[in-house]
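just the structure for this:
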Amino acid sequence: MTPKERLIREIEQSPEPVIEEMLDFLLLARMKHHRQEEQAQPFAHFIEELVADIPPQVLETLPTDGAAEHDHYIYGTPKQSSPKE
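Modelled structure (predicted):
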């Protein structure tokens, strides 16, 4: 008998309050499992999913020097490096 079959058999023999408690536990366990899977994915995959809905023409307008010039983009300070030609 598989674990799923055993679980179903136990549910069928359990009183309603136990079933409600087990349902809460099952939903919590599924949520925890889903979070662990999300954390296991490579960061690049996360970023790809994040920008998937952004049209290419919008992505092309984003700065390529964001890390080096973060003060400029966040606080409006003058850029530290000269633009490359």
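
low pLDDT regions in this structure?
82-85 (pLDDT under 70).

hey, where'd the helices end up in it?
Ranges of helices in the chain, per DSSP state H, are 3-12, 16-40, 43-51, 56-59, 70-75.

S81: which of the ones you listed is closest?
S81 lies closest, by C-beta to C-beta, to one member of these: helix 70-75, at 9.6 Å. For every residue, glycine as well, the C-beta is placed using N, CA and C.

check which residues of the closest one are buried.
H72 (16 or more other C-beta atoms under 10 Å).

so who does Q80 touch?
A68, E69, D71, H72 (C-beta atoms under 8 Å, 6 or more residues apart in numbering).

how close does the residue nearest the centre of the chain get to L50?
Residue closest to the average C-alpha location in the chain (C-alpha atoms, centre = their mean): E38, at 5.3 Å. To L50, E38 is 12 Å away according to C-beta to C-beta, to the nearest Å.

just K32 next, same as before
With C-beta to C-beta as the criterion, K32 and L50 are 23 Å apart.

and for D71?
Using C-beta to C-beta, we find D71 at a distance of 23 Å from L50.

do the same with F25
32 Å.

do L28 as well
For L28, the distance to L50 - C-beta to C-beta - is 27 Å.

please apply the same query to P56.
15 Å.

can you put the contacts of Q80 in CSV and add distance to E12?
Shown next, in CSV, are the contacts of Q80 (distance: C-beta to C-beta, whole Å):
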residue, distance to E12
A68, 63
E69, 64
D71, 64
H72, 65
